[in-house]
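Student: Got a sequence here, can you model it:
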Amino acid sequence: QLQLVESGGGLVQPGGSLRLSCAASGVTLGYYFIGWFRQAPGKEREGVSCISTSDGSTYYPDSVKGRFTISRDMAKNTVYLEMNSLKPEDTAVYYCAAETSGCGGKYFGSWGQGTQVTVSS
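Tutor: Below you'll find the model as predicted:
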């Protein structure tokens with residue numbers, strides 16, 4: 001059974017960078033679509049990126065395009081989210097999750113426990 005564990009969150013100043021990791025265990029990534037999501041207090045969960053682990057194709061919403069980069073390391077069975085030029089509005093708990101049908105799928109599962117990202121001076 002696929003399990004995902006996020007790490008790498010923390011406190012960073014506006015304009016700074018962080019790299020989040022989503023480590024998979026239980027199965028080998030290769031046929032999954034891994035998405036990164038975030039949820040801030042009082043707000044709905046928002047998808048911020050997605051990657052096909054089979055061919056590396058990626059998706060970003062306009063809110064993070066050009067600032068966030070998703071990548072995968074198949075040898076480490078891990079997906080990364082590089083976040084640059086961070087803004088206070090990026091503050092949220094970040095989660096990764098898996099889908100089998102595509103980045104536009106509605107049934108992301110195997111949610112991790114999340115990692116807190118706080119952007120503040």
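
Student: Spell out the secondary structure type for the residue most central in space within the chain.
Tutor: Closest to where the C-alpha atoms of the chain average out (Cα atoms, centre = their mean) is residue 36, at 2.6 Å. The three-state label given to residue 36 by DSSP: H, G, I helix; E, B strand; the rest coil is strand.

Student: likewise residue 89?
Tutor: helix.

Student: How about the contacts made by it?
Tutor: By Cβ atoms under 8 Å, 6 or more residues apart in numbering, the contact list for residue 89 reads 40, 119. In short, each C-beta sits where N, CA and C put it, glycine included.

Student: mind listing what's buried in stretch 61-76?
Tutor: Buried positions in stretch 61-76, judged by neighbour count with 16 or more other Cβ atoms under 10 Å: 64, 67, 68, 69, 70, 72.

Student: sorry, back to before: dump the residue contacts of the residue nearest to the centre of the chain.
Tutor: By Cβ under 8 Å, 6+ apart, the neighbours of residue 36 are 20, 22, 47-50, 68, 70, 79, 81, 94-96.
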